[in-house]
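*Asks:* What follows is a predicted structure for the sequence shown.
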Amino acid sequence: KIGIIGGTGLDDPDILEGRTEKYVDTPYGKPSDALILGKIKNVDCVLLARHGRHHTIMPSNVNYRANIWALKEENCSHILVTTACGSLREEIQPGDLVIIDQFIDRTTKRHCTLYDGQHSGLSGVCHIPMAEPFCTKTREV
């Protein structure tokens with residue numbers, strides 16, 4: 001099952017077959033919006049609007065821990081995350097699809113990890129490497 005966190009366009013009802021909505025709560029609070037369940041080309045998928053379907057959540061206020069927890073509880077094995085942003089490279093034009101291998105997170109004022117020792121279901125405080133933040137197999141696909 002594939003979790004997809006994104007923005008504009010995820011509210012298109014034609015994206016999913018057998019579309020249903022599910023509101024959930026997590027130990028970290030509510031995710032950004034309802035989980036939208038269905039299939040894309042016969043693959044189970046769960047869509048989640050990062051900023052809420054009405055685009056009411058600022059980037060630094062997105063409760064990503066609740067979002068990730070909700071998708072994990074929904075048995076998603078992979079999470080694809082889309083974002084719209086600019087580039088400093090002239091050859092990358094608006095509308096181009098870029099699969100990144102690194103990033104710099106410039107959001108502020110939010111928790112930085114699920115592993116802060118605050119939730120009993122996780123193994124306490126630990127360091128998570130960010131040298132290769134994305135799944136190599138998924139990037140190859």
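*Replies:* Noted; the coordinates are in hand.

*Asks:* Run through the neighbouring helices and strands of the helix of greatest length in the chain.
*Replies:* Looking across the chain with DSSP state H, the single longest helix is helix 64-73. If contacts are counted by 3 or more C-beta pairs under 8 Å, 6 or more residues apart in numbering; DSSP states H and E, helix 64-73 sits against strand 2-6, strand 43-49. Every residue, glycine included, has its C-beta placed from N, CA and C.

*Asks:* Can you add mean pLDDT, distance to W69 and mean neighbour count and give these back as a markdown table?
*Replies:* Formatted as a markdown table, those follow (pLDDT from 0 to 100; distance: least, C-beta to C-beta, whole Å; neighbours: other C-beta atoms under 10 Å):
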| stretch | mean pLDDT | distance to W69 | mean neighbour count |
| --- | --- | --- | --- |
| strand 2-6 | 93 | 11 | 20 |
| strand 43-49 | 96 | 11 | 21 |
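
*Asks:* could these go into JSON lines alongside distance to G18?
*Replies:* Shown next, in JSON lines, are those (distance: least, C-beta to C-beta, whole Å):
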{"stretch": "strand 2-6", "distance to G18": "15"}
{"stretch": "strand 43-49", "distance to G18": "10"}
